[in-house]
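Predicted coordinates and the sequence they were generated for:
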Amino acid sequence: MYYCARSVSREMKAILFASVAFLCGVEGTSSAADDEVGGAKKCSLYLAKSTIENSGLGIFTGIPLDGEEYIGFGDLSIPIFDIDFHANGSRAKEDYHWLLDEYVWQAAETGPDMELEAEEISAFVTGMGSMPNCHLRLKNVAETYNKHDTVGVSRTDPGVGAFSPYHNRSTYTLAAIEAGSELFVDYGPNWFLSRESDMGMMPLISSYPEASKFMKSLQRLVEKISTISQGDSDNDVPGSSLEGAMSDLFDIIKKSPYKSRPLMAIPKSFSVAKRAFEVGIQQTELEQSIRSLDYLENHGRCLDNIRPGKSSIPHAGRGSIATRFIQKDSYVSIAPLMNIPDRDVLNMYADKQDPKTGREMRDLSKPTGHQLLLNYCFGHKSSSLLLCPYDPGTPYINHNSESPNAKIVWSDDPIYHNSSWLDEPVSYFDNVWHTGLAFEYIAISDIKPGDEITVDYGPEWEEVWTKHIQQWQSPKGAESYFSPQELNENPSLPIPTHDEDNTLIGENIDAWCHFSFGSVRKDKHVWRERDMMANEHLVQRIIDRTQLPDDQSYIYTLELVDETDGDESGLYIVKNVPWKALSFYQKNYRSDMFIKGVFRHEMMIPDAMFPDAWKNIVL
């Protein structure tokens, strides 16, 4: 750097500081998984250290992917209901610790059904819904809406409401992707803007044009310095010294106290900057987001050894199914863990009116149960701490105390698991706002493709579950209940009349019908095909049902509410209404997950592996 300063100091400083001032002033504040190697399927999806600095873990494809190709097996969506109300605070203001707020989605982002479940809902989507990082310029995957399916578990079954019916939120590629690439989703710019106090300025899409302009200015500066240096025979600068000097100058630019988003968008080092001179910033970012398959095989954790499927265990709903042979004592899957220091935030309560403010508030004297998320978390009877897996496959793993084929152990790899946290008290996690713990599932017997993966949840869990089965009482109308999703998809379902079941329509489900009353109101109207183009009216009740012989569908006689009938709503009978004219929607707090007495209990971490430092409850 000394020789460079001697020969070009004045000109270099002028250009350098002009460039830095300009920059910093811009903003002052599926199927491919079947490829085989040696008869064994390649791993198509890995968890590994992210290529984004200080971003923890990331998801990588182990195989080349075409555009619009599905990845993985679809993810689980777990609804979380009115969490601020039940926890009596604001998670945004950190009135209580809620690490999941960094990972959940608005319910509407997962599909049109979940947002009708309650007043305030967020969706904890495992796998691709919570594990990939965001790079606004390199986003290469997106997700579909989830589907709704209870896998045949009806309201007469003791397993009803004990698992999320929202599943198969599928991920697909936005363009062809090279094997080894990190997969990026789009959190949206507001995610970064709202976290600026914690994360600092992050580059947005709008930051890159100015960053590219700066890189062109810097390239001209580098070329000019090199030309001046080579042309000065008295002070010829060795190439290595010039390289080092330019690298030092680039570091000065990057460490400028005058931060801006374009400044954060330029490459992290001079060596990468030189590559950006040739191919542009985005191409260098793309190149740096790819890991070698050798690295992934040796340091990554395969995520597609298991997939969701229908469980063979009674009342369980879905399970986790092996996709390939897994030898005894070998790795099945990794389960990175969310920490919840105080399990009481998952308690749910009835409401009452605050006598001072008139506002609704929780009634601590009337607990109503727990968030469904509890069933997907691990805990211990001597601790308030819960640990919740968020990988794509292990949340589906069911209980088997007699012949489990897998077990959980703490990961021994520091990339995934911070073992020092095992020695910290639970209070330590009150100030931890990132993940850092992980289980690994290990086979305790040979597992064949198609086998369901099971572990032992522990005797305490089994005792509670057995008691639940023995005491389960189906809710009123369980035998004739259909979900709104079933009613919307199947015209051959016989919707109960009001006389057959007065709890379905109106109490549990809202039904709406396309119909035009016209200018004259009658005691009885007849539905006509043109009514399909009319507005919808609320169905008060279903009076009668007739099955059509040709396609086995039904037509109905309904009592409709006409809100346009003067100042008050009127009730009118409409005959011959076909299924296609009807739409069905879940009423708030009436789905399976809100049935009184549904099963809730965390899975239990074995005593032998549970840290003494976490035991904060005296039994």
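Happy to help now that I have it. Numbers count the residues shown, from 1 in each chain.

The helix or strand harbouring residue 298 packs against which elements?
Residue 298 belongs to helix 293-299 when assigned by DSSP states H and E. Here helix 293-299 touches strand 45-49, going by 3 or more C-beta pairs under 8 Å, 6 or more residues apart in numbering; DSSP states H and E. Backbone N, C-alpha and C define where each C-beta goes, glycine included.

neighbouring strands for the strand it packs on, and are they parallel or not?
Under the criterion DSSP bridges, strand 45-49 sits next to strand 57-61 (antiparallel), strand 301-302 (antiparallel) in its sheet.

Dump those into CSV; add distance to residue 557 as well.
Formatted as CSV, these follow (distance: least, C-beta to C-beta, whole Å):
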stretch, distance to residue 557
strand 57-61, 53
strand 301-302, 57
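
so which of the ones you listed is the most packed in?
Highest mean neighbour count of these: strand 57-61, a mean of 25 (counted as mean count of other C-beta atoms under 10 Å).

which residues touch residue 114?
The neighbourhood of residue 114, defined by C-beta atoms under 8 Å, 6 or more residues apart in numbering, consists of 77, 79, 107-108, 121, 123, 146, 166.

Hmm, residue 44 is touching residue 60, no?
No - assessed by C-beta atoms under 8 Å, residue 44 is found out of contact with residue 60, at 10.0 Å.

before we move on, back to that, export the strands paired with strand 45-49 to TSV and tack on mean pLDDT?
Conversion of those to TSV gives the following (pLDDT from 0 to 100):
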stretch	mean pLDDT
strand 57-61	98
strand 301-302	98
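
Where neighbours are concerned, which of the contacts of residue 114 has the most?
residue 77 (28 neighbours; other C-beta atoms under 10 Å).

on that earlier part again, now do the buried residues in the helix holding residue 298.
293, 296 (16 or more other C-beta atoms under 10 Å).

Give the burial count for residue 308, as a bare number.
Using other C-beta under 10 Å: residue 308 sits among 22 other residues.

contacting residues around stretch 608-619?
By C-beta under 8 Å, 6+ apart, stretch 608-619 touches 380-385, 408-410, 422-427.

Repeat the analysis, applying 7 Å as the threshold.
380-385, 409-410, 422-426 (C-beta atoms under 7 Å, 6 or more residues apart in numbering).

returning to what we had before: the contacts of residue 114 in helices, which ones?
Using DSSP state H, no member of those sits in helices.

Out of these, the closest to residue 86 would be?
Set against residue 86, the nearest of the contacts of residue 114 by C-beta to C-beta is residue 121 (12.4 Å).

what's near enough to touch the closest one?
Counting by C-beta under 7 Å, 6+ apart, residue 121 makes contact with 79-81, 107, 114-115.

hmm, try it at 8 Å
79-82, 107, 114-115.

got the contact list for the residue lying closest to residue 485 once chain neighbours are set aside?
Of all residues not flanking residue 485 in the chain, residue 148 sits nearest, at 4.3 Å (C-beta to C-beta, 6 or more residues apart in numbering). With contacts defined as C-beta under 8 Å, 6+ apart, the neighbours of residue 148 are 111, 113, 165-167, 483, 485.

For the strand or helix carrying residue 333, buried residues please.
Per DSSP H and E, residue 333 falls inside strand 331-340. Counting neighbours by 16+ other C-beta under 10 Å, one finds that the buried residues in strand 331-340 are 332-340.

If anything else comes up later, I'll come back, but that's it for now.
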